[in-house]
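*Asks:* got a sequence here, can you build the structure:
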Amino acid sequence: MARKKAGYYNDDPISGSAFQLIIELDEQEMRCMSKKIDDGAIVAFEYFSLDKDQTEDWNDIFYEIKTISKLFNKTYKLVTCFFCTPESILVPEKFLTATSAEDYLNLIYGESSRMEVKYEKLIATRSFINTYRIKKSLAELLTRQFIIFQTSHVYTSLLNDVMIRRKNGSQFVKLQFYHGHFIMAIFKEDKIQMIQTFTYKIAEDALYYIIRCAQQFAIDTNTAIVELSGMIDINTELHDQLKKVYTQIEIDSIEPVGIIAQVNKDYASHYFAPFFKLAL
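*Replies:* So this is what the prediction gives:
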């Protein structure tokens, strides 16, 4: 079942040939926004939870979203869907061939005839390719809904943002939270060491992964900078425990203009910052 948790809209037109629809999708949630192509202004934002049971598939979910969304049934000049899937690996460009991307993914995550392989270059490094795969059924549904759309991956956006924005950092850890999972990226001397998605139910689960990765990559928790963004509340056990592990914690947000300012009246400024950055 799809439930609409939030919706914010400008009074001006929010769809049509002058707009781009941006979607971020994972197994539990979907976020949508409409963006003006000429000036980049975000004019509408919707947020859905996807409570799928064992009998529901993506056809059911999409049908329900279309009945409650003010954005999904409109037309746009451009539609881009960012997938937040854990089945992704970074491959040096020199090792990527027509068949190697699928081979690498099959080696790590197992073979599956139900998956479609995608890949995209990291602008910030120009040496790595983000290879990932998505469900063919999802790609087919999006094609039927929008005819022409572009796909991308959240890892690509996250890495480009961090590596362009932050320079000359000795050790840096990015933690981007969602409901039930988070993405962790580790950098040393401005070079990416890892990026991975971890699922969790309680604070102790997340802390275990965070501490274990710090040990594995020899991160100095007293000097490393940790940047938090996404769906993590500051006044929670997880944040309090994290402050006991890392000394230097920063909160990442985005300038509150247009619809973002309206959203930030109801949510903390860092809560949807990763999603809004997809429009930059």
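
*Asks:* please count neighbours and contacts with C-alpha atoms only from this point.
*Replies:* Will do.

*Asks:* what segments of this protein are strands?
*Replies:* 2-9, 16-25, 29-36, 42-50, 76-83, 88-92, 115-121, 128-135, 150-153, 171-178, 181-188, 191-199, 225-230, 248-251 (DSSP state E).

*Asks:* any chance of those in CSV, plus distance to Ile68?
*Replies:* Compiled in CSV, the strands of the chain are given as follows (distance: least, CA to CA, whole Å):
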stretch, distance to Ile68
strand 2-9, 7
strand 16-25, 16
strand 29-36, 13
strand 42-50, 10
strand 76-83, 18
strand 88-92, 31
strand 115-121, 28
strand 128-135, 24
strand 150-153, 23
strand 171-178, 22
strand 181-188, 26
strand 191-199, 28
strand 225-230, 24
strand 248-251, 33
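
*Asks:* could you dump those into TSV with mean neighbour count, mean pLDDT and distance to Arg144 added?
*Replies:* Shown next, in TSV, are the strands of the chain (neighbours: other CA atoms under 10 Å; pLDDT from 0 to 100; distance: least, CA to CA, whole Å):
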stretch	mean neighbour count	mean pLDDT	distance to Arg144
strand 2-9	16	95	19
strand 16-25	20	96	15
strand 29-36	23	96	18
strand 42-50	22	96	20
strand 76-83	19	96	13
strand 88-92	20	94	25
strand 115-121	17	93	16
strand 128-135	21	94	15
strand 150-153	18	95	13
strand 171-178	22	97	28
strand 181-188	20	96	29
strand 191-199	16	95	29
strand 225-230	21	96	30
strand 248-251	14	96	39
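
*Asks:* closest one to Val162 among the ones you listed?
*Replies:* Taking CA to CA, strand 171-178 is the member of the strands of the chain nearest to Val162, at 8.1 Å.

*Asks:* and the closest one, which strands flank it?
*Replies:* Sheet partners assigned to strand 171-178 using DSSP bridges are listed as strand 181-188 (antiparallel), strand 225-230 (parallel).

*Asks:* how far does that strand sit from its chain's centre?
*Replies:* 12 Å (CA atoms, centre = their mean, to the nearest Å).

*Asks:* extract the C-alpha trace of that strand and format it as PDB.
*Replies:* Taking Å, rounded to 0.1, in the frame of the first residue of the first chain, the C-alpha atoms of strand 171-178 are listed here in PDB:
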ATOM      1  CA  GLN A 171      39.500  11.600   6.800                       C
ATOM      2  CA  PHE A 172      35.800  12.100   6.100                       C
ATOM      3  CA  VAL A 173      32.700   9.900   6.700                       C
ATOM      4  CA  LYS A 174      29.400  10.600   5.000                       C
ATOM      5  CA  LEU A 175      26.300   9.100   6.600                       C
ATOM      6  CA  GLN A 176      23.000   9.500   4.700                       C
ATOM      7  CA  PHE A 177      20.000   8.100   6.500                       C
ATOM      8  CA  TYR A 178      16.700   6.700   5.200                       C
END
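
*Asks:* report the angle between the axes of that strand and strand 191-199?
*Replies:* Counting by axes from the mean of the first three to the mean of the last three CA atoms, to 10 degrees, strand 171-178 lies at 30 degrees to strand 191-199.

*Asks:* surely Met184 touches Val173?
*Replies:* Yes - counting by CA atoms under 8 Å, Met184 touches Val173, with 7.1 Å between them.

*Asks:* before we move on, back to that, for Leu96, find the nearest of the strands paired with strand 171-178.
*Replies:* Taking the strands paired with strand 171-178 one by one with CA to CA, strand 181-188 is closest: 22.1 Å.
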